[in-house]
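Engineer: Here is the input, now give the coordinates:
(2 chains)
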Amino acid sequence: MKILCIGLNHETAPVAVRERLSLSAAELPAALARIKAAEGVEEAMMLSTCNRVEFYMVAADVGSGKGAVECYLSEALAQDDAASRLERHFYCHVQEEAVAHLYRVVSGMDSMVIGEPQITGQVKDAYRCAVEQETVGTILNRLLHRAFATAKRVRTQTELAGRAVSVSYVAVELAKKIFGDLAGRTVMLIGAGEMAELAAKHLSSHGIRQMIVASRTMESARRLAESFSGTAISLEQIAEELPPSDVLICSAAADRYLLGPDDIRAALRARKHRPIFIIDMGVPRNIDPRVDHLENVYLYDMDDLQAVARSNIETRKKELGKAEAIVAEEVKRFFLWLEGLQVVPTIVSLRHCVEEIREQELEKALAALPSLSEDQREVIASMSRAIVNKILHHPTVELKRAEQEGTAEILVEALRRLFPIARSPKDPDR
Amino acid sequence: MTLALYYLTATLYLASTIGYLAHLVWLRRILGRYSLLVLGIGFASQTAYLVARYVETGFTPVTTRLDASGAFAWLIVATYLAIQIRQAMPVLGAFVTPLALILTLTAAMWNKTFSPLDSILRSPWLPIHAILAFLGDALLGVSACFALMYILQERQLKSKRPGAFSHRLPPLDVLDRYSYRCITVGFPLLTLGIISGALWLKAVEGSYIKWQDGRQTTTVLAWFLYAALLHGRLVTGWRGKRVALLNLAGFVVILVTFVTLSHFMK
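Structural biologist: The predicted structure is shown next:
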């Protein structure tokens, strides 16, 4: 019995290959059923995103897992030679490697942008689909739960996903550093640069109260304002509309500064010196850089934002080591649990557990009957042994049979719950 | 026995300070929780100390250096715990606990003996004056912690390269709001503390103020600094770094006041 991960990702396969293999949510169940039906495959889950297509399986051996995927691919692609041509893009991780890979994927450590959080949700969807199709069993169930727990640990104990790495998110993050809650704030958007619009969109998703949009022509201002359900103003009006604005995002194509220190100073006075956050995404810049010397004004231009984004990416990379340590620890823990699932050690522990009870009870009974002769004591002792053996005989036979049939995990898991059988000593879970 | 409680408190505050600073570095939630728990036990032990002192002397325990520092630290920790109940802010702990620790430790280094009470201090004015003034001071102390955090966060953001430290500090707006709120409660208490002190002095010595007492002079100076801060904020809308610096200055004066003991005290 082996845990396998067979798949390809953005590093091993170009988009041309990935797009041919990726499946929509609607296609997934059928694909899963095909994989599961293959010879030797006991459990299966399939993850399909734009950056990766991966099959997680519990199979009798590596060969049958690979066979199942190859078989699926040649059917899915409907070209005889397709599977063999694709082979060089695939990786195949086995046991510890496969588990570690899944943990890395779920935690965002294997993502194109390290630490991006979407992947956790995508794995959750993939797992839900597999649960609905009943293609997962004891091992994958446990594995996925541990994977999500690992992702949570990585998220809370490292800064892998802690900070924004795109310019527009950096802007939002900075706004939060200044204003805390963005609900109820007013944002002014000057110009319709793509990046600025994106930043405005992120901000407005944080519940800002009002969006004021200024643009070269009233018409484009109105069009933009509509998409944010905000107010449109002309470029000439920005100075007078400035006071209520907490955040200013500019990306107008202008050959001179649209706002200088005097404009901002006046606005500050009018707003009782509540801080203003100015994001100047214009090239050339829209805001006179001297504005930065004013107190309670935080001016970030494109270079500043990019520098923050870069340093955040560096931070994420530095955190990878810490995350790897967590993954290694979790992989070890998972395999301790897996070892516990094996039949022979379970039978031994079960026997040991029942034997202990027998000895205790026998001792008690004999202590209560001090007048017995040696022979009589021996009769009672052998009776107790016979009872234990008779009780354990059938479960033992059944367990061994189940092992041959490959369905032992459920019984073992059940036994370990029903009897106080010691787990592997180092598994702190449960 | 009571001295043992004092040292126990100092040890617990030290442990909590280390925990909070470690939390600031590693951001492990468990560290924040552990520090809060230890701080809570320290607070309980300091409460026990003050009660024991009250029972021993029969007076509000603020009349020796050791007691006064203890009471001050105790109220600062109480303020922090009260804020903590409203909003979990372990980062603030890294600023407040060192303050409580230093107050507790310095007093112990100076003077460990309990001298008998001056007859002038045996007055019903003592608890009134002491509670008002000390509680006001404690709130202003916590406000100063917020102000310090504000200045640090402001510098990070102005530098254009906000780093890991900026990430750990709360947003400017939150810091500004909390520090202001603490002043709006602390300043009236300080004012009432000064008034009650003046009335007490009048009852004992016949005049409301005694300028040769350095303590009174610095208290009035601190009062004016906070009054200027509040006036500036309410009327002209002072905000940000300037207010934070003024806030810090006010608290430094209060600490100086605290160090220059009243000439009534031994």
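
Engineer: Could you pull up the residues touching the closest residue to chain B within the stretch 201-350 of chain A?
Structural biologist: Across the stretch 201-350 of chain A, the shortest distance to chain B (CB to the nearest CB) belongs to A:Lys272, at 3.0 Å. Any C-beta I mention is one placed from the backbone N, CA and C, and that applies to glycine too. Neighbouring residues of A:Lys272 by CB atoms under 8 Å, 6 or more residues apart in numbering or on different chains: B:Gly237, B:Arg239.

Engineer: In the helix or strand B:Ser143 falls within, which residues are buried?
Structural biologist: Assessed by DSSP states H and E, B:Ser143 sits inside helix B:125-158. Of the residues in helix B:125-158, B:125-126, B:128-154, B:156-158 count as buried by neighbour count, 16 or more other CB atoms under 10 Å in any protein chain shown.

Engineer: what's the distance between the residue of the stretch 201-350 of chain A closest to chain B and B:Met149?
Structural biologist: 22 Å (CB to CB, to the nearest Å).

Engineer: Could you check the pLDDT of A:Ser349?
Structural biologist: For A:Ser349, the pLDDT comes out at 84.

Engineer: The spatially closest residue to it that is not a sequence neighbour in helix, strand or coil?
Structural biologist: Setting aside the residues directly before and after it, A:Ser349 is nearest to A:Ile421 in space (CB to CB, 6 or more residues apart in numbering or on different chains), at 4.4 Å. Classification of A:Ile421 by DSSP: H, G, I helix; E, B strand; the rest coil places it in coil.

Engineer: domain parsing for chain B?
Structural biologist: Per automatic domain parsing, the domain ranges recorded for chain B read B:1-117, B:121-266.

Engineer: which stretch among those domains comes nearest chain A?
Structural biologist: domain B:121-266 (3.0 Å).

Engineer: Can you pull the residues of chain A lying near chain B?
Structural biologist: A:156-157, A:159, A:162-163, A:174, A:176-181, A:269, A:272-275, A:292, A:295-296, A:298, A:300, A:304, A:307-308, A:311, A:315 (CB under 8 Å from any CB of the partner chain).

Engineer: Buried ones among the residues you listed?
Structural biologist: Buried, going by 16+ other CB under 10 Å: A:157, A:159, A:162-163, A:174, A:176-180, A:273-275, A:292, A:296, A:298, A:300, A:304, A:308, A:311, A:315, out of those.

Engineer: Which ones among the residues you listed lie within strands?
Structural biologist: Under the assignment DSSP state E, these contribute A:Tyr298, A:Tyr300 to strands.

Engineer: And chain A, what are its domain boundaries?
Structural biologist: A:2-162, A:167-305, A:338-418.

Engineer: Of the domains of chain B, which is nearest A:Arg417?
Structural biologist: Evaluated over the domains of chain B, closeness to A:Arg417 peaks at domain B:1-117, with 29.2 Å, by CB to CB.

Engineer: What distance do you get for the residue nearest the centre of chain A to chain B?
Structural biologist: Nearest to the mean C-alpha position of chain A, by CA atoms, centre = their mean, lies A:Thr120 at 2.3 Å. Here A:Thr120 is placed at a distance of 19 Å from chain B (CB to the nearest CB, to the nearest Å).

Engineer: Next up, the contacts around that residue.
Structural biologist: Counting by CB under 8 Å, 6+ apart, A:Thr120 makes contact with A:Val106, A:Ser107, A:Gly108, A:Phe148, A:Ala151.

Engineer: Now it: which helix or strand?
Structural biologist: Secondary structure (DSSP H and E) places A:Thr120 in helix A:118-132.

Engineer: Go through that helix and flag the buried ones.
Structural biologist: By 16+ other CB under 10 Å, the buried positions in helix A:118-132 come out as A:Ile119, A:Thr120, A:Gln122, A:Val123, A:Ala126, A:Tyr127, A:Cys129, A:Ala130.
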